[in-house]
Every structure is written in structure tokens, then in C-alpha cells.
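Enquirer: when you get a sec, could you give me coordinates for this:
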Amino acid sequence: MLKRHIEKKLLSNLEIMPVVLIRGARQSGKTTLTHMLGKENGYTFYNLDDHATLLNATKDPAGWIKSLKKPAIIGEVQRVPEIFLPIKADVDQNRIPGRYILTGSANPLLLPRLGDSLAGRMGIIDLFPFSQGEAQQKKESFIEYIFANEIIPKTFSAFSQEEFHKLLIRGGFPFVQSLSEEKIEIWMGAYLQTMLDRDVREISNIAGLRDFPLLFRLLATRTANLLNISDLSRSL
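Expert: Next up, the predicted model:
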């Protein structure tokens with residue numbers, strides 16, 4: 001398994017915070033990372049994408065949290081936001097660092113009624129798809145050298161414009177790294193459909209879902225630009 005750059009930060013959070021939330025898009029590597037950490041540190045894994053687990057947590061959030069073997073990893077927590085208050089009650093009684101690792105494909109902190117129920121009790125880690133440094137397992141120190149006013153070492157080998165375009169098309173999702181461009185296109189289409197059918201609907205009652213494919217294309221053309229919401233809304 002490729003080493004992720006956030007591992008050190010994640011472990012530091014687990015040493016002081018009773019709850020750590022890992023936010024990241026689907027397929028960005030949350031499950032792989034948490035399974036690895038869980039296996040090394042004695043965690044029990046629960047995933048709310050599992051139908052039986054989802055039913056139990058939805059039916060009795062407080063009872064379900066009490067029944068978990070601790071320390072616990074709970075995946076896709078945005079699916080049952082009602083578990084956050086029972087988690088708060090549990091960590092208030094058992095303020096043990098690293099008691100819970102939570103993961104979410106949609107940002108659960110944006111869910112209605114959740115607010116700041118775990119403020120001061122939860123560390124937040126954002127996990128993105130692979131950077132080029134992670135994909136090639138090399139340290140990314142460009143910013144450090146810039147601020148230190150030092151000569152930047154040649155960490156990465158040069159590549160052609162064609163290779164650069166291929167890197168852009170492939171992106172950073174771990175699963176697609178070994179796929180052909182044709183298969184990447186198929187995978188991305190299915191990925192976006194899943195996002196629309198599940199994640200967007202779960203996080204909020206949003207009107208105009210038919211406009212989302214166009215919104216995604218508009219955002220893609222604005223990569224590395226400042227986000228201008230007004231300009232985007234005029235283009236829809």
C-alpha cells in the first residue's frame with residue numbers, strides 16, 4: 001500500500017483527540033487508510049454503507065454506539081447523523097484519545113442539526129486523492145524550499161507535454177492509476193452518477209440535480225482558478 005502524507009498528522013490527532021473525522025471523496029483511500037491503522041492499533045471497523053449496520057444505527061443510534069467495541073472506526077458517518085450526539089455523550093464519559101475514527105464521503109459537518117456537537121472533542125483530517133508525490137512515493141518539499149530560500153532539488157523527472165496531459169486525465173484516485181484512458185472514462189462516469197444518486201441527496205434536499213453534470217464540467221474548466229460562485233451561477 002502506498003504511504004499517505006497525512007498519516008503523521010492523523011496519528012498526532014489520535015494521540016490527543018477522542019474523535020478524529022477523516023473527510024474525503026469516495027474512493028480517495030479512506031477505507032484503505034483506516035483499515036491499515038485499525039489493524040495496527042486494535043480498532044474494530046463498522047461501515048454504514050453495510051445495510052444491516054445502517055439499519056441498526058438508524059433504529060437506535062444511542063444503543064448502537066453503546067454496543068460498539070471500542071476503539072471503533074465508523075465509515076460513512078454522514079448516512080446517520082443521529083449518532084453524533086451519542087458519540088459526544090460517550091466521549092464525555094470516556095475521554096480517551098483515539099476512541100473513535102469517523103470517515104465521511106460527504107462533509108457531515110454541513111448536515112442540518114449537527115452544528116458543533118463535537119466541538120473541542122474532534123480533530124478533522126481532509127484526505128484527498130493521490131498527489132503526484134504520493135503516487136511516486138516521494139516527499140513534496142517545494143513550498144518548504146521556497147520559504148527557506150534554498151535551491152529546489154530535482155525530485156521528479158521531467159516529462160513531456162503528452163505525459164502531462166495523461167497525468168491530468170488520470171487524476172489521483174487510487175483505483176484508476178493502472179487503468180487505460182477508456183476505462184478511466186467509464187469509471188468516472190459511474191463515479192459521478194453514484195455521487196448524484198447518493199451523496200448529494202443524502203447531504204441535503206437540493207433542487208436542480210439535472211444541472212450537476214454541467215456544474216462539474218464548469219468546475220473542471222476552472223481548475224487552479226479562484227472560485228467565483230456568481231460566475232458559475234450565471235453559466236448554469
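Enquirer: center of the protein - which residue?
Expert: Centroid check for the chain by CA atoms, centre = their mean gives G24 as the closest residue, at 1.1 Å.
Enquirer: now the element after the lowest-mean-pLDDT helix or strand in the chain, going C-ward?
Expert: Between all helices and strands in the chain, the lowest mean by mean pLDDT, DSSP states H and E belongs to helix 201-203, at a mean of 67. Sequence-wise, the next helix or strand beyond helix 201-203 is helix 212-221, with elements assigned using DSSP states H and E.
Enquirer: helices or strands next to that next one in the packing?
Expert: With contacts defined as 3 or more CB pairs under 8 Å, 6 or more residues apart in numbering; DSSP states H and E, the packing partners of helix 212-221 are helix 229-235. (Each C-beta comes from the backbone N, C-alpha and C, glycine too.)
Enquirer: from the chain's centre, how far out does stretch 221-229 sit?
Expert: For stretch 221-229, the gap between its own C-alpha mean and the chain's C-alpha mean amounts to 21 Å (CA atoms, centre = their mean, to the nearest Å).
Enquirer: for that stretch, list the C-alpha coordinates in PDB.
Expert: What follows is the C-alpha trace of stretch 221-229 in PDB, where atoms were taken according to Å, rounded to 0.1, in the frame of the first residue of the first chain:
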ATOM      1  CA  THR A 221     -12.500  24.100 -16.700                       C
ATOM      2  CA  ARG A 222     -11.700  26.400 -13.800                       C
ATOM      3  CA  THR A 223      -9.100  24.200 -12.100                       C
ATOM      4  CA  ALA A 224      -6.500  26.300 -10.200                       C
ATOM      5  CA  ASN A 225      -8.600  29.500 -10.500                       C
ATOM      6  CA  LEU A 226     -10.200  31.400  -7.700                       C
ATOM      7  CA  LEU A 227     -13.700  30.000  -7.000                       C
ATOM      8  CA  ASN A 228     -16.300  32.600  -8.300                       C
ATOM      9  CA  ILE A 229     -19.800  31.400  -7.300                       C
END
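Enquirer: low-confidence stretches in this structure?
Expert: 110-116, 142, 145, 150-156, 202-205 (pLDDT under 70).
Enquirer: swap in 80 and give it another go.
Expert: Judged against pLDDT under 80, the low-scoring parts of the chain cover residues 1, 106-117, 119, 139-159, 197-210.
Enquirer: run through the strands of it in chain order.
Expert: Per DSSP state E, the chain has strands spanning 19-23, 44-47, 72-75, 100-104, 122-126. These are given in chain order.
Enquirer: so which of these is the most surrounded?
Expert: Across these, the average number of neighbours (mean count of other CB atoms under 10 Å) peaks for strand 100-104, which reaches a mean of 26.
Enquirer: ok, back up a step: could I get the strands of the chain in JSON lines, plus columns for distance to E134?
Expert: Listed next are the strands of the chain as JSON lines, based on distance: least, CB to CB, whole Å:
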{"stretch": "strand 19-23", "distance to E134": "15"}
{"stretch": "strand 44-47", "distance to E134": "23"}
{"stretch": "strand 72-75", "distance to E134": "21"}
{"stretch": "strand 100-104", "distance to E134": "18"}
{"stretch": "strand 122-126", "distance to E134": "14"}
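Enquirer: nearest to L196, out of those?
Expert: Between L196 and these, the shortest gap by CB to CB is with strand 100-104, which sits at 17.4 Å.
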